[in-house]
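I'll drop the sequence and a predicted model, then ask my questions.
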Amino acid sequence: MIKQKATKDLKSAKLRELLRVLTEHHTWLEKNGRFGQRADLSGLNLEGIKVPKTNFSLADMAGTNLAGADLEGADMQGVNLVRSCLRDANLRRANLQDADLSDVDLRGANLTGANLKGADLWRANLMGCTISPKALHEALHCNKT
């Protein structure tokens with residue numbers, strides 16, 4: 001019982017800190033970098049977090065553990081996700097345009113309807129992920145035949 005409470009308290013503290021960082025990030029985005037601060041979530045363990053439709057655009061999330069996270073409809077345009085874990089993540093309808101997904105673990109992730117135009121998928125693990133051929137071709141800059 002005590003261990004469950006401690007785990008719940010830790011999760012609440014993590015979510016409060018994430019909310020603080022994202023509030024500063026939104027100010028930074030709205031004020032063109034003059035106020036607020038760009039979100040630096042690099043290296044954090046955010047496994048299983050549920051933050052659909054959140055604006056992470058241009059955030060630094062390199063090496064972040066987002067396994068099993070619900071990021072449906074999130075704006076992740078231009079985000080740095082190098083070496084992050086998005087295994088089994090819900091990225092349905094997420095905007096990943098121009099995102100750096102180099103060396104990202106996307107095994108089992110759902111990318112249905114995601115915008116991957118201009119995304120860098122260098123050495124990304126896409127095994128078992130759900131992705132449309134069109135989205136994959138846009139990310140890989142394939143020529144239409």
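Everything's here; your move.

how about the helices in this structure?
Here the chain has its helices, by DSSP state H, at 2-30, 133-139.

out of the ones you listed, which comes closest to residue 66?
Proximity to residue 66, assessed across the helices of the chain by C-beta to C-beta, is greatest for helix 2-30 (11.7 Å). From N, CA and C alone the C-beta is placed, and that goes for glycine too.

Report whether the expected contact of residue 131 with residue 115 is present.
No. Using C-beta atoms under 8 Å, residue 131 is not in contact with residue 115, being 11.6 Å away.

Point out the most buried one among the helices of the chain.
For the helices of the chain, the largest average neighbour count (mean count of other C-beta atoms under 10 Å) is found in helix 133-139, namely a mean of 15.

Averaged pLDDT, it. What do you get?
Helix 133-139 carries an average pLDDT of 84.

who's in contact with that helix?
Defining contact as C-beta atoms under 8 Å, 6 or more residues apart in numbering, one finds that helix 133-139 is touched by 111, 113, 114, 115, 116, 117, 118, 119, 121, 126, 142, 144.

one more time with 7 Å
111, 114, 116, 117, 119, 121 (C-beta atoms under 7 Å, 6 or more residues apart in numbering).

Next: stretch 28-45.
So stretch 28-45 is contacted by 21-22, 24-25, 27, 55-65 (C-beta under 7 Å, 6+ apart).
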